[in-house]
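[1] please work out how this folds:
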Amino acid sequence: MTTAPGGLPMTVPADGLPARVRIHEVGARDGLQNEQGVVPTEVKAEFVRRLADAGLTTIEATSFVHPKWVPQLADAERLFPLVRDLEGVRLPVLVPNERGLDRALALGAREVAVFASATESFARANLNRTVDEALAMFAPVVTRAVEHGLTVRGYLSMCFGDPWEGPVPVDRVVAVCRRLRDMGCDELSLGDTIGVATPGHVRRLLTELNEAGVPTGTLAVHFHDTYGQALANTLAALQHGVTTVDASAGGLGGCPYAKSATGNLATEDLVWMLHGLGIETGVDLGRLTATSVWLAGELGRPSPSRTVRALGGAASHKES
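    Numbering: from 1, shown residues only. You can find the predicted model right below:
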């Protein structure tokens with residue numbers, strides 16, 4: 001048991017948790033796509049570079065969706081070449097269809113993601129398709145990506161609750177996960193899009209996915225903090241053996257198609273908890289906090305992250 005100086009948590013390890021967690025940073029894509037205004041390309045590129053400098057090794061860079069639907073990310077072709085050569089950093093991009101995949105391949109992307117829904121209402125709102133129609137659209141995208149040697153992540157939204165349909169049956173989520181995995185997705189990210197999950201629900205879904213043949217090692221979790229449950233839900237997932245957690249620097253983000261969705265789990269809040277548990281992340285909390293303070297200044301508003309607010313501008317640029 002050790003105490004770290006300089007605004008860092010006391011390290012008190014707990015039994016039954018992984019030794020290391022990989023943080024899948026989504027702030028540059030999932031976070032910035034929800035901003036009211038368009039962030040300049042140069043600011044986005046600097047954001048990605050600062051995240052990498054803070055030790056994040058998986059940074060979702062952008063989305064190759066049609067600019068009509070997400071104008072905040074219309075600069076994908078200009079942004080990706082500015083960051084794609086970052087050494088030792090994985091830079092996945094979202095591709096909604098084959099045209100998006102073509103654009104990503106042309107720029108040398110090595111990891112892509114598709115975005116599905118567990119519910120019909122959200123599939124209609126987000127993709128203007130049924131669940132089956134959306135999966136049929138993704139199938140050739142995943143197949144071609146795999147043929148090109150790319151790693152493919154499958155996002156699944158509304159895994160715990162839907163603003164139109166209410167609680168989502170676990171077996172429905174498991175069924176769509178199985179279809180994404182059978183399609184060829186290497187990793188599945190389970191999204192609590194409106195932040196209604198609780199730890200017992202998380203454990204039940206993970207257990208039933210395992211029973212359906214989906215290994216824990218292929219799963220990631222993606223929690224929103226609408227009801228203040230994101231860290232509790234993350235801990236439940238860690239206790240189950242999950243080692244990949246999605247988070248957004250500064251707590252940026254929400255969902256443009258689900259107005260009840262608040263921000264993503266803040267990366268700083270996640271790192272504070274993980275480091276307090278003695279779990280390695282490779283992330284320098286001081287540098288990360290300074291990055292979110294800087295970006296908040298660029299956006300003209302304070303960060304919603306509790307850790308960023310607590311450490312603030314006094315955050316060290318090098319974690320002890």
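[2] quick one: secondary structure of Arg29?
    helix (DSSP: H, G, I helix; E, B strand; the rest coil).
[3] now it: closest residue in space, sequence neighbours ignored.
    Spatial nearest neighbour of Arg29, chain neighbours left out: Glu60 (4.3 Å); criterion: Cβ to Cβ, 6 or more residues apart in numbering. Where C-beta positions appear, they are placed from N, C-alpha and C, glycine not excepted.
[4] measure the residue nearest to Ser248 when sequence neighbours are not counted to Gly16 for me?
    Using Cβ to Cβ, 6+ apart and skipping the chain neighbours, the partner closest in space to Ser248 is Asn264 (3.7 Å). From Asn264 across to Gly16, the span is 26 Å (Cβ to Cβ, to the nearest Å).
[5] neighbour count: the two, which is higher?
    Asn264 (32 against 8; other Cβ atoms under 10 Å).
[6] wait, doesn't the more buried one sit right on Val245?
    No: taking contacts as Cβ atoms under 8 Å, Asn264 lies outside contact range of Val245: 10.7 Å.
[7] burial count for Leu274?
    Using other Cβ under 10 Å, the number of residues around Leu274 comes to 25.
[8] ok, Gly31 - contacts?
    Contact analysis of Gly31 by Cβ atoms under 8 Å, 6 or more residues apart in numbering lists Ser248, Ala249, Gly250, Leu252, Gly253, Gly263, Asn264.
[9] for the closest residue in space to Pro9 that isn't next to it in sequence, give me its contacts.
    Leaving aside its sequence neighbours, Pro9 sits nearest to Gly276 (Cβ to Cβ, 6+ apart; 3.6 Å). Applying Cβ under 8 Å, 6+ apart to Gly276 gives the contacts Pro9, Met10, Thr11, Val12.
[10] dump those residues to a markdown table, plus distance to Asn34.
    Output for these, formatted as a markdown table (distance: Cβ to Cβ, whole Å):
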| residue | distance to Asn34 |
| --- | --- |
| Pro9 | 29 |
| Met10 | 34 |
| Thr11 | 34 |
| Val12 | 35 |
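[11] most neighbours, which of those?
    The most crowded member of the contacts of Gly276, judged by other Cβ under 10 Å, is Pro9 (17 neighbours).
[12] follow-up on the earlier one: isn't the residue nearest to Arg29 right up against Leu32?
    No: taking contacts as Cβ under 8 Å, Glu60 lies outside contact range of Leu32: 10.3 Å.
[13] next one: the residue nearest to Ser248 from Arg287, what distance?
    Asn264 is 19 Å from Arg287, by Cβ to Cβ.
[14] count of neighbours near the residue lying closest to Thr216 once chain neighbours are set aside?
    Excluding its sequence neighbours, the residue lying closest to Thr216 (Cβ to Cβ, 6+ apart) is Gly241, at 4.4 Å. Residues lying near Gly241 (other Cβ under 10 Å) number 15.
[15] next: the one 4 residues further on.
    Around Val245 there are 23 other residues, counting by other Cβ under 10 Å.
[16] now do whichever helix or strand it is part of: which elements does it pack against?
    For Val245, the enclosing helix or strand under DSSP states H and E is strand 244-247. Here strand 244-247 touches strand 22-25, strand 187-192, strand 219-223, helix 230-240, helix 267-276, going by 3 or more Cβ pairs under 8 Å, 6 or more residues apart in numbering; DSSP states H and E.
[17] what about the chain, any weak spots by pLDDT?
    Residues of the chain that meet the criterion pLDDT under 70 lie in 1-6, 254-262, 313-320.
[18] report the contact partners of the residue nearest to Arg29.
    Counted by Cβ under 8 Å, 6+ apart, Glu60 has contacts His24, Glu25, Val26, Ala28, Arg29, Asp30, Leu91, Pro92, Val93, Leu94, Ala113.
[19] picking up where we left off before, and the contacts of Gly31, which is closest to Leu219?
    The nearest member of the contacts of Gly31 to Leu219, counting by Cβ to Cβ, is Asn264 at 17.4 Å.
[20] bridging across strands, which residues link to that closest one?
    Residues in a beta bridge with Asn264, per DSSP bridges, are His224.
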